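Undergrad: sequence below, structure please.
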Amino acid sequence: MALDFDMMNAMAADMEAQMAESAARRRLIEQDYEARRVRPERIGTETGPVHAASILVWARLAEMAGVPHIPATPIASLDIATVMAMADGDETAQLADGQMDEIAKAVAYANGGGYWRTEICAGEEVKYLMGSGQGLPDVLPIRMDDLRIYEMHMGMPSVTIVGRPRLTPVRHAGYPVEFRVFNGCQADEDGAVSWYYPQAGTFETTPQLEAAMTQAAEWGVKLHGLRERMGLLPWIPERGAETDRIGSTIDFMLTEEMGLVMVDAGPGYGAGAHPCCFIDRPVAGRAWRLAEGVEVR
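TA: A predicted model of the protein is given here:
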């Protein structure tokens, strides 16, 4: 029994050491990101790494390129250590002084008819509601235990919450009219474009839909090329060094208020993005539906 007890103590000590090493590694990544990243307001005057999924970076590029997009305004910033602790279910984790005021600002923005997401991603609830063809609720609560937000912010020192105006998507076949444009990484050709919701199944397209898809592809290539010409290297801090091979996926939605707009962007297919209707086939050309016999996943 003494041997078992000693082994248990050794295993606990080893686990504690691994956790400390992991935490130290995360801190180094966070410090590196904060020191070297090109901030959105400095694009055009600085070159270097940018987070591959930063909506603030992509909104700045869209502004420079003259591509219609949903504006994104930073309204709150939360310390990553607290967010991670709360996501892990630590009931003792507390927001630092002033952080509740930051949360209150974001909630007030949402209550005023806006919409919030983080700089890097929308939360789990938004992804579920949009993916099932539903609309967003009048007020979108901020959940500190959102695992999608937790996972997407690995390697970042803070979670930046941004406010965006709430627009009304044009719908077809029960889903918002939305497209994903693929460039680089494992895309077989730049400007490959897919209907965003393969779960919609087979439906009839219209000239308006075809024109919107064509425009999305053109704007996606334009934005991807501008990022390259600006000397901005896409970066996923937790995964290592920045590289052009990360590519990009850029999403566009047809809205009642603004027409076609860029809504989001991130790394390319093969660097973390979903292939939409290109599952199990080359990412090239246009795709309105999955290939025959392919299941949604």
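Undergrad: pretty sure Asn221 is touching Gly191, no?
TA: Not quite, residue 221 is Val, not Asn. Yes. Contact criterion Cβ atoms under 8 Å: Val221 and Gly191 qualify, at 4.5 Å. Heads up, the C-betas are built off the backbone N, CA and C, glycines and all.
Undergrad: quickly list what's touching both of the two.
TA: Common contacts of Val221 and Gly191, defined by Cβ atoms under 8 Å, 6 or more residues apart in numbering, comprise Val181, Asn183.
Undergrad: part of a helix, is Gln208?
TA: Yes. Per DSSP: H, G, I helix; E, B strand; the rest coil, Gln208 lies within a helix segment.
Undergrad: would you mind identifying the next helix or strand past the worst-scoring helix or strand of the chain on mean pLDDT?
TA: Ranked by mean pLDDT, DSSP states H and E, the weakest helix or strand in the chain is helix 124-131, scoring a mean of 66. Sequence order places helix 147-152 as the next helix or strand after helix 124-131, per DSSP states H and E.
Undergrad: give the buried residues for that following helix.
TA: Within helix 147-152, the residues that qualify as buried by neighbour count (16 or more other Cβ atoms under 10 Å) are Arg148, Ile149, Tyr150, Met152.
Undergrad: against which helices or strands is that helix packed?
TA: Judged by 3 or more Cβ pairs under 8 Å, 6 or more residues apart in numbering; DSSP states H and E, helix 147-152 is in contact with helix 80-87, helix 124-131.
Undergrad: ok so, going back, just the buried residues of helix 147-152: which has the poorest pLDDT?
TA: pLDDT across those is lowest for Tyr150, at 72.
Undergrad: surely it meets Ala85?
TA: No. Tyr150 lies out of contact with Ala85 (Cβ under 8 Å); the separation is 10.1 Å.
Undergrad: who's in contact with Gln215?
TA: Contact analysis of Gln215 by Cβ under 8 Å, 6+ apart lists Phe252, Leu260.
Undergrad: and it, which of the three is it?
TA: Secondary structure of Gln215, per three-state DSSP, is helix.
Undergrad: and the pLDDT at it?
TA: For Gln215, the pLDDT comes out at 98.
Undergrad: what do you get for Leu167?
TA: The predicted local confidence for Leu167 is 89.
Undergrad: ok, the one 3 residues further on next?
TA: You'll see Val170 listed with a pLDDT of 96.
Undergrad: regarding the closest residue to it other than its chain neighbours, which helix or strand does it belong to?
TA: Leaving out its chain neighbours, the residue that sits closest to Val170 by Cβ to Cβ, 6 or more residues apart in numbering is Leu254, at 4.3 Å. Following DSSP H and E, one finds Leu254 within strand 248-255.
Undergrad: now the helix or strand just after that strand against strand 248-255, angle please.
TA: Per DSSP H and E, strand 248-255 leads on to strand 259-266 as the next helix or strand towards the C-terminus. Strand 259-266 and strand 248-255 are oriented at 150 degrees to each other (axes from the mean of the first three to the mean of the last three Cα atoms, to 10 degrees).
Undergrad: packing partners of strand 259-266?
TA: Contacts defined by 3+ Cβ pairs under 8 Å, 6+ apart place strand 259-266 against helix 55-65, helix 207-229, strand 248-255.
Undergrad: which of these is buried the deepest?
TA: Compared across those, strand 248-255 shows the largest average neighbour count, a mean of 25 (mean count of other Cβ atoms under 10 Å).
Undergrad: how far away from the center of its chain is that one?
TA: Centroid displacement of strand 248-255 relative to its chain, using Cα atoms, centre = their mean, to the nearest Å, is 12 Å.
Undergrad: got the contact list for that strand?
TA: In this structure, residues lying in contact with strand 248-255 by Cβ under 8 Å, 6+ apart are 52, 58, 167-170, 176-185, 196, 212, 215-216, 219-220, 223-224, 227, 234, 260-269, 273.
Undergrad: whichever of those end up buried, select them in PyMOL.
TA: Buried residues within the contacts of strand 248-255, by 16+ other Cβ under 10 Å, are selected in PyMOL with:
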select buried, resi 52+58+167+169+170+176+177+178+179+180+181+182+183+184+185+196+212+215+216+219+220+223+224+227+234+260+261+262+263+264+265+266+267+268+269+273
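Undergrad: Ala52 and Leu233 touch, don't they?
TA: No. Checked against Cβ under 8 Å, the pair Ala52 and Leu233 is beyond contact range at 9.2 Å.
Undergrad: count the neighbours of Arg281 for me.
TA: 14 (other Cβ atoms under 10 Å).
Undergrad: how confident was the prediction at the residue most central in space within the chain?
TA: By Cα atoms, centre = their mean, the mean C-alpha position of the chain lies nearest to Cys121, the distance being 3.4 Å. With respect to pLDDT, Cys121 has a value of 83.
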